[in-house]
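Student: With the sequence up front, the predicted model follows.
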Amino acid sequence: MKYQQILNQPHDVQNFTKNILVKSGETINLETVMEFTAPHTTSNTLVKAVVMPGGNLNLKGIIKIKKTAKESQAFLKHAVLLIGTDSRAVSIPELEIENNDVHASHASAIGPVDQNQLFYLMSRGFSYESALDLIIKSFLE
Amino acid sequence: MSTTSYQKSPYEYGFSSPEISVFKTKKGIDPDVIKTISLLKHEDDKMLNFRLRAYQYFIDQPMPTWGPDLSDINFDDIFYYLKPSDKESHKWEDVPTYIKNTYDKLGIPEAEKQYLGGVKAQYESEVIYGSLMKKLSDQGVIFCGMDEALKKYPEIVWQYFGKIVPPDDNKFASLNSAVWSGGSFIYIPKNVHVELPLQTYFRINSQKMGQFERTLIIADEGSFVHYIEGCTAPIYSTDSLHAAVVEVFVKKNARVRYSTIQNWSTNVYNLVTKRAQIDEDGIMEWVDGNLGSKITMKYPSNILAGPGAHAEVLSIAVASGIQHLDAGAKAIHLAPNTTSRIVSKSISLNGGRSSYRGLVYISKGATNARSKVVCDALILDKKSRSDTYPVNKNSESSAFIEHEATVSKIGEDQLFYLMSRGFSQNEAESMIVNGFVEPIVKELPMEYSLELNRLINLQMEGSVA
């Protein structure tokens, strides 16, 4: 899957949000490209994913800000939850910034389910499976 | 608000001494040149074969297709070996005067006077001056030139040499393995703490010169050492090549800190392979300051091989003018409970380009591993550019990778505040930039952090247009 957007109109705002559930045995690739060519443009990319056991996820997120795109703002976030023992994820967030008068940033996190959340839910009577299910659902909400 | 234009200050270390070499190989590289180098160094067949094998890998491998443009390097137009003086000296008085003059300008004897652990200086290809405080020798610490180590301690050297950076690792590691000369060898015995930093200076003094030093550090169980290297070169119209290989072995519970202040002149291609293997509960720390060179490609790598190993990389890049500094770090987690932290700060000004390129890989089975990467970039003017190219791979679901990067200019409110307090724009900008790199600079010994701050200020000196 590839999603590409060029922000070539001044004051353009483009956001991209995607929630992905990678099922067991599945491989999903997603590449996003946000290219800024006009001034005062804004873009936010948010990708959230849950990778089930045996699943594979490859994320790539590129932000390119050209010289002509002054006072633009760009943000990209990859948040990935790995479930079980055989899940894999790759996150490649890239920045190519050619103008100094901008604010560009990205954040990426790949990790397991928060054990405290799991413990809390289980202490309230949920089984392990239903607690996990609840956490995954709320994460992708 | 008025715009600021920055001017790169004159390169302070740009003096050159007349080139007086005892021996110089012909230009270019072929098996004969390699045989000559090996012969001059009185090496045995084992090292000669190692060199020739590496040469074949060098020929076979393509140039890297990623990263900065290296197409201007002409391998046939480089001198691969220069021997400036007949033998390694152990007393400062024995060093030939013209070389001494060069080092006097660099302030090496001063460093010695200040009781720093030991000083090795590499001028052109050979280590020409090295001294080591007696106390260290008594503790069993070995700190000598790589060539000397190969002769005196061949069994230790061959046990580690080329083991984490094999001769076929990449084109420039192959080139280094084929024509390497000089560099440092450090062995720290079990449970020995070297309190004072060990230092090396590298300097290129000839045109079209290649410098290919090889550094090997072995920190045995429970030991500690801090190693510092500094690099300078005079400015010539033609380019020089610096392709070093550094291998560090951190044994169980040992800790190694490796600091570099790289200030090559802006005609040097600085293409360096640095790698460390960290065993159980070992700690490896890289403090990497990149200020000079035309193109730098340097990614200190950490192989976290034992449970509980920790790696830390702190890196600064200041790219100005024609400079393209492609620096970064790698952390490869192969064992449970390993942790790594990478902090990169880059500043681009006056048309310079700085890039962060990094890799974090957590293999399956490296349970509860954690890695955090933070990259901050400042772009000071319209002509400059900054890039971030990280790769985060996680194959272990109990492990956690975090990565964040920001790119921005100097905050106008910060600038306004300082200027309202009476600082000029230049002073205020210098203060903000020095504050920006502070978390890394403070990790260096005091005289080096002062030096680094001064170098950054020099690069930033400009005028309000």
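Tutor: Happy to help now that I have it. Numbering: from 1, shown residues only, chains lettered A, B, ... in the order given.

Student: Spell out which parts of chain B neighbour chain A.
Tutor: Counting by C-beta under 8 Å from any C-beta of the partner chain, the residues of chain B close to chain A are B:364, B:377, B:379-382, B:384-409. Just so you know, the C-beta spots here come from the backbone N, C-alpha and C atoms, and that holds for glycine as well.

Student: Weed out the non-buried ones from these.
Tutor: Using 16 or more other C-beta atoms under 10 Å in any protein chain shown as the burial test, the residues of chain B next to chain A include B:377, B:379-381, B:384-409 as buried.

Student: Restricted to strands, list these.
Tutor: The members of those that map onto strands under DSSP state E are B:377, B:379, B:385-394, B:400-408.

Student: Tell me where chain A has strands.
Tutor: Along chain A, the segments classed as strands by DSSP E run A:2-7, A:13-22, A:27-36, A:42-51, A:56-65, A:73-82, A:88-97, A:103-112.

Student: helices or strands next to the third one in the packing?
Tutor: Spelled out, it's strand A:27-36. Taking 3 or more C-beta pairs under 8 Å, 6 or more residues apart in numbering or on different chains; DSSP states H and E as contact, the helices and strands that strand A:27-36 lies on are strand A:2-7, strand A:13-22, strand A:42-51, strand A:56-65, strand A:73-82.

Student: and the shortest one, what does it pack onto?
Tutor: Strand A:2-7 makes packing contacts with strand A:13-22, strand A:27-36 when contacts are defined by 3+ C-beta pairs under 8 Å, 6+ apart.

Student: got the angle for that strand vs strand A:42-51?
Tutor: For the pair strand A:2-7 and strand A:42-51, the angle between their directions (axes from the mean of the first three to the mean of the last three C-alpha atoms, to 10 degrees) equals 170 degrees.

Student: What score does residue 100 have for pLDDT?
Tutor: In the absence of a named chain, chain A is used. The predicted local confidence for A:Asn100 comes out at a pLDDT of 87.

Student: Correction: the question concerned chain B.
Tutor: The confidence metric pLDDT takes the value 59 at B:Lys100.

Student: and the longest helix along chain A with strand A:73-82, angle?
Tutor: Using DSSP state H, we find that the single longest helix of chain A is helix A:128-140. The directions of helix A:128-140 and strand A:73-82 differ by 170 degrees, with the same axes, to 10 degrees as the criterion.

Student: okay if I get the strands of chain A as CSV plus mean pLDDT?
Tutor: Formatted as CSV, these follow (pLDDT from 0 to 100):
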stretch, mean pLDDT
strand A:2-7, 91
strand A:13-22, 94
strand A:27-36, 96
strand A:42-51, 96
strand A:56-65, 95
strand A:73-82, 95
strand A:88-97, 95
strand A:103-112, 94
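
Student: Assumed B:Glu312 was part of a helix.
Tutor: No: in this structure, B:Glu312 is strand, not part of a helix, as judged by DSSP: H, G, I helix; E, B strand; the rest coil.

Student: and it, how far is that from B:Ile342?
Tutor: Computed with C-beta to C-beta, to the nearest Å, the distance linking B:Glu312 and B:Ile342 is 8 Å.

Student: If we go by neighbour counts, what in stretch B:436-454 is buried?
Tutor: If you call a residue buried by 16+ other C-beta under 10 Å, then stretch B:436-454 has these buried ones: B:436-437, B:440-441, B:443-445, B:448-449, B:451-453.

Student: Strands - which of those residues land there?
Tutor: For the buried residues of stretch B:436-454, not one is inside strands, with DSSP E as the criterion.

Student: Just flag the most distant two among the residues you listed.
Tutor: Across those, no pair lies farther apart than B:Phe436 and B:Pro445, at 20.6 Å, counting by C-beta to C-beta.

Student: gap between the closest residue in space to B:Asn453 that isn't next to it in sequence and chain A?
Tutor: Leaving aside its sequence neighbours, B:Asn453 sits nearest to B:Asn434 (C-beta to C-beta, 6 or more residues apart in numbering or on different chains; 5.6 Å). Separation of B:Asn434 from chain A (C-beta to the nearest C-beta, to the nearest Å) stands at 19 Å.

Student: about what we covered before: mind putting the helices and strands packed on strand A:27-36 in CSV, mean neighbour count included?
Tutor: Below are the helices and strands packed on strand A:27-36 laid out as CSV (neighbours: other C-beta atoms under 10 Å in any protein chain shown):
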stretch, mean neighbour count
strand A:2-7, 15
strand A:13-22, 15
strand A:42-51, 21
strand A:56-65, 22
strand A:73-82, 23
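
Student: Could you dump these into a markdown table with distance to B:Ile347 added?
Tutor: Formatted as a markdown table, the entries for the helices and strands packed on strand A:27-36 read as follows, by distance: least, C-beta to C-beta, whole Å:
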| stretch | distance to B:Ile347 |
| --- | --- |
| strand A:2-7 | 27 |
| strand A:13-22 | 30 |
| strand A:42-51 | 25 |
| strand A:56-65 | 17 |
| strand A:73-82 | 20 |
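
Student: What lies in contact with the longest helix of chain A?
Tutor: A:19, A:21, A:48, A:50, A:79, A:81, A:83, A:113-114, A:117-118, A:121-122, A:126 (C-beta atoms under 8 Å, 6 or more residues apart in numbering or on different chains).

Student: Out of the helices and strands packed on strand A:27-36, flag the one nearest B:Leu304.
Tutor: Of the helices and strands packed on strand A:27-36, the one closest to B:Leu304 (C-beta to C-beta) turns out to be strand A:73-82, at 19.0 Å.

Student: Mind listing the residues bridging to the residue of the stretch 201-350 of chain B found nearest chain A?
Tutor: Nearest to chain A, among the residues of the stretch 201-350 of chain B, is B:Ser348, at 8.1 Å (C-beta to the nearest C-beta). Per DSSP bridges, the residues bridged to B:Ser348 are B:Ala319, B:Ile379.

Student: Measure how buried it is and give me the count.
Tutor: B:Ser348 sits with 29 neighbouring residues when counted by other C-beta atoms under 10 Å in any protein chain shown.

Student: Contact partners for it?
Tutor: Taking C-beta under 8 Å, 6+ apart as the definition of contact, the neighbours of B:Ser348 are B:319-320, B:354, B:377-380, B:384-386.

Student: Same check on B:Ala366?
Tutor: B:304, B:333-336, B:338, B:396, B:399.

Student: switch to 6 Å and redo it
Tutor: The neighbours of B:Ala366, taking C-beta atoms under 6 Å, 6 or more residues apart in numbering or on different chains as the test, are B:333-336, B:338, B:396, B:399.
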